[in-house]
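**Student:** build me a model:
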Amino acid sequence: MRNRFLSGLLPLVLACTVMPAVAASPYSPPQVLSDGWPVADAGRAGWDTSQFVELERRVADKTYKGITSVVVAHRGNLVYERYFEGGARDTLNDLRSATKSVTALLVGAAIDRGLIPDAQAKVYAYFADKRPFGHPDPRKDAFTLEDLLTMSSLWECDDDNAFSSGNEERMYVTEDWLRFALDLPIKGFAPWMAKPADNPYGRAFAYCTAGAFVAGAVVERAAGKPLDAFAAEVLERPLGITAARWNSAPGGVVMGGGGTRYRSRDAAKLGQLVVDGGRWRERQVVPAAWIAAATTPRARARDDAEYGYLLWRLHFPSRGGDVAVWAMSGNGGNYVFMSPERKLVVVITSTAYNQRFAHPQSQEIFRDLILAALPASR
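**Tutor:** Below is the predicted model:
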């Protein structure tokens, strides 16, 4: 009798608890500020602005969780800017591993200034004061910056493998992160692992935050100043970025592998820099040749993604075709999506750190809403 009563009551309870539809505000263009961003009306430019309204509805009804901002630039103009879940225009968003892509830009700036010869510069030559190195091996002397930028060095370092000697969580609990990385052993290749020669592009990819950290340390030593100071000088100030925050390792080396904080509109500037071949407005900030090199696939990261210089190349189905998009990517679903072909930059910030849904969610927003809203003529 009790079960029959509950079964009859359940539909009534559900009917009474259905959440009302969440209304989203109509589209309006971003605000014009004095930060260097020109603004355009997306509707007049041919965008389907109903997709922006749908995005806001899904954030409001918790279909999308943890999203704090979405900023869209098209053809060099901001066309959409919204903040959610406590996010705000002045929030310094922790972009986590998207920092790595900024480090790659700084390597290019250092090369442009003659501080580093090129991407083939030998890594261990910059750290003679750390000798002798643990697990000595002559192959370490051959490590190049390009090996670190493409996540394909021979260090036994894999953040996706909790048992890896170089897993980033092991590095974080040591006092000397540089020593930790430089002392890593050379990895072996189990029978089920493809060796570099057997991989596309001749490189065996393994995601290694320690490698990006060392790449930033090379820039520090070559420039003779902390990485954040160098970034402010050669990248942030030229872009009109007046607020940023970098982390440092216990020994004082600035962390080029994660945790840098930027405002959303400023993160979009970094993306626009890549889309425009290293230019911001009328100024060449990073050499066009370096941007071209950084956005050349150099390793197969996954079956559905390639890797350049600390940049992901992701693939999205759209309008019956494959859309390849470069991306700065960080834990929590933080992204700067960049499509030079479509002159498109999309920043998505999120605080869904360590959540399995975080990356799929941000990619869905980009694929199903932003690309769908993009004018057919691009």
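**Student:** okay, and the beta partners of Arg300?
**Tutor:** Glu306 (DSSP bridges).
**Student:** same deal with Tyr335?
**Tutor:** Beta-bridge partners, per DSSP bridges, of Tyr335: Ser329, Ile348.
**Student:** wait, it touches Ala98, no?
**Tutor:** Yes. The pair Tyr335 / Ala98 is scored as a contact, 7.3 Å apart, by C-beta atoms under 8 Å. Just so you know, the C-beta spots here come from the backbone N, C-alpha and C atoms, and that holds for glycine as well.
**Student:** overlap in contacts of those two?
**Tutor:** Overlap of the contact sets of Tyr335 and Ala98 (by C-beta atoms under 8 Å, 6 or more residues apart in numbering) consists of 328-329.
**Student:** buried set for stretch 251-268?
**Tutor:** For stretch 251-268, burial by neighbour count (16 or more other C-beta atoms under 10 Å) applies to 253-268.
**Student:** next, count neighbours for Arg139.
**Tutor:** Using other C-beta atoms under 10 Å, Arg139 has 9 neighbouring residues.
**Student:** for it, phi and psi?
**Tutor:** phi -70, psi -20 (degrees, to the nearest 10).
**Student:** quick one, what contacts it?
**Tutor:** Counting by C-beta under 8 Å, 6+ apart, the residues that Arg139 touches are 154, 186.
**Student:** do you know how far it is from Ile186?
**Tutor:** Arg139 sits 6 Å away from Ile186 when distances are taken as C-beta to C-beta, to the nearest Å.
**Student:** now the common contact residues for the two.
**Tutor:** If you check Arg139 and Ile186 against C-beta under 8 Å, 6+ apart, the residues they both contact are Leu154.
**Student:** of the buried residues of stretch 251-268, which belong to strands?
**Tutor:** 261-262 (DSSP state E).
**Student:** just the buried residues of stretch 251-268 now: which is nearest Ala373?
**Tutor:** Closest approach between these and Ala373, by C-beta to C-beta: Ala268, at 16.6 Å.
**Student:** need the residues that contact stretch 26-33.
**Tutor:** Outside stretch 26-33, the residues touching it (C-beta under 8 Å, 6+ apart) are 37-43, 49, 52-53, 71, 78-81, 265.
**Student:** how close does Gly332 get to Trp312?
**Tutor:** As for Gly332, its distance to Trp312 is 15 Å (criterion: C-beta to C-beta).
**Student:** and these two? which has more neighbours close in?
**Tutor:** Comparing Gly332 with Trp312 by other C-beta under 10 Å, the one with more neighbours is Gly332, at 25 against 21.
**Student:** so who does the spatially closest residue to that one that is not a sequence neighbour touch?
**Tutor:** Spatial nearest neighbour of Gly332, excluding adjacent residues (C-beta to C-beta, 6 or more residues apart in numbering): Tyr353 at 4.1 Å. Taking C-beta under 8 Å, 6+ apart, we find Tyr353 in contact with 96, 331-332.
**Student:** restricted to strands, list those.
**Tutor:** Short answer: the contacts of Tyr353 have none in strands (DSSP E).
**Student:** I'd like those laid out as TSV, including pLDDT.
**Tutor:** Formatted as TSV, the contacts of Tyr353 follow (pLDDT from 0 to 100):
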residue	pLDDT
Arg96	98
Asn331	98
Gly332	98
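**Student:** and these, which is closest to Met193?
**Tutor:** Among those, Asn331 lies closest to Met193 (C-beta to C-beta), at 25.1 Å.
**Student:** what about this structure, any weak spots by pLDDT?
**Tutor:** Applying pLDDT under 70 to the chain picks out residues 1-23, 378.
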